[in-house]
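Chemist: My questions concern the predicted model and sequence given below.
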Amino acid sequence: MSGAFSKRAIFLDRDGTLNESVGYVNHASRFRLFPFSVDAVRLIQEEGHLAVLVTNQSGIGRGFYPEELVQSIHGDFQSRLETAGAKLDGIYYCPHKTSDGCACRKPKPGMLLQARDDLDIDLEASWILGDTITDLEAGWAAGTRGALVKTGFGAGTLENESGQWSRQPDLVGDDLYRALCDIFWGSAS
């Protein structure tokens with residue numbers, strides 16, 4: 001690519017970052033947003049960034065739930081956001097199992113690269129936020145910076161695994177909203 005991409009984005013992991021980490025979300029009732037999630041997406045757009053969801057959903061490939069359930073959950077979330085004056089500019093999910101060897105499953109950067117091409121995103125001016133190192137590794141592989149949030153698996157992996165990581169997060173936030181505040185107005189700006 002020529003590097004002529006113009007828009008900045010915040011890539012968002014789903015489970016553990018936007019909603020409670022409950023294992024496989026195999027029913028709509030298990031998708032429980034954190035109280036700050038809608039405000040966080042609105043903040044992203046108010047600050048002139050695209051809000052792009054990137055989520056691994058191997059439960060589809062494993063046969064735990066149908067792809068239509070994921071699409072329905074994302075549609076309901078998008079409707080809730082729009083009612084509150086916000087929206088996701090892109091929604092990307094990987095339905096594959098790890099053993100499928102696809103290019104889209106995080107930590108591979110396939111979803112971010114597809115979003116770059118679809119939405120004209122300057123990856124070097126963008127961030128990925130998630131609760132696992134694999135989220136950040138996908139962003140780093142695509143050229144973004146990465147922020148680890150302490151919700152979901154974040155606090156535990158930071159405390160118990162970070163000494164083994166080849167690269168540390170560019171930023172750590174207590175939750176998605178606080179990490180965004182640091183990106184836009186704090187130490188990471």
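Modeler: Sure, I can see it. Numbers count the residues shown, from 1 in each chain.
Chemist: Could you use CA atoms for every contact and neighbour count after this?
Modeler: Will do.
Chemist: And the helices in this protein?
Modeler: 37-46, 58-61, 67-83, 110-119, 133-142, 154-161, 176-185 (DSSP state H).
Chemist: from these, which stretch is densest packed?
Modeler: Highest mean neighbour count of the helices of the chain: helix 133-142, a mean of 23 (counted as mean count of other CA atoms under 10 Å).
Chemist: picking that back up, mind giving me a markdown table with the helices of the chain and columns for mean pLDDT?
Modeler: Formatted as a markdown table, the helices of the chain follow (pLDDT from 0 to 100):
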| stretch | mean pLDDT |
| --- | --- |
| helix 37-46 | 97 |
| helix 58-61 | 96 |
| helix 67-83 | 97 |
| helix 110-119 | 98 |
| helix 133-142 | 98 |
| helix 154-161 | 97 |
| helix 176-185 | 97 |
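Chemist: So for residue 93, which of those sits nearest?
Modeler: Closest to residue 93 of the helices of the chain, according to CA to CA: helix 110-119, at 7.3 Å.
Chemist: Can you name the residues in contact with the closest one?
Modeler: 5, 7, 11, 52, 54, 90, 92-94, 103-105, 121-123, 138-139, 142 (CA atoms under 8 Å, 6 or more residues apart in numbering).
Chemist: The residues you listed, buried ones only, as a PyMOL selection?
Modeler: Typed into PyMOL, the line below selects the buried ones among the contacts of helix 110-119, using 16 or more other CA atoms under 10 Å:
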select buried, resi 5+7+11+52+54+92+93+94+104+105+121+122+123+138+139+142
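Chemist: thinking again about what came up before, adding distance to residue 170, write the helices of the chain out as CSV.
Modeler: Putting those into CSV (distance: least, CA to CA, whole Å) gives the following:
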stretch, distance to residue 170
helix 37-46, 18
helix 58-61, 27
helix 67-83, 28
helix 110-119, 18
helix 133-142, 9
helix 154-161, 13
helix 176-185, 10
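Chemist: Would you check how far apart residue 43 and residue 17 are?
Modeler: Distance from residue 43 to residue 17, counting by CA to CA, to the nearest Å: 15 Å.
Chemist: An error on my part: the question was meant for residue 70.
Modeler: 16 Å.
Chemist: How about residue 148?
Modeler: Where residue 17 is concerned, residue 148 sits at a distance of 9 Å (CA to CA).
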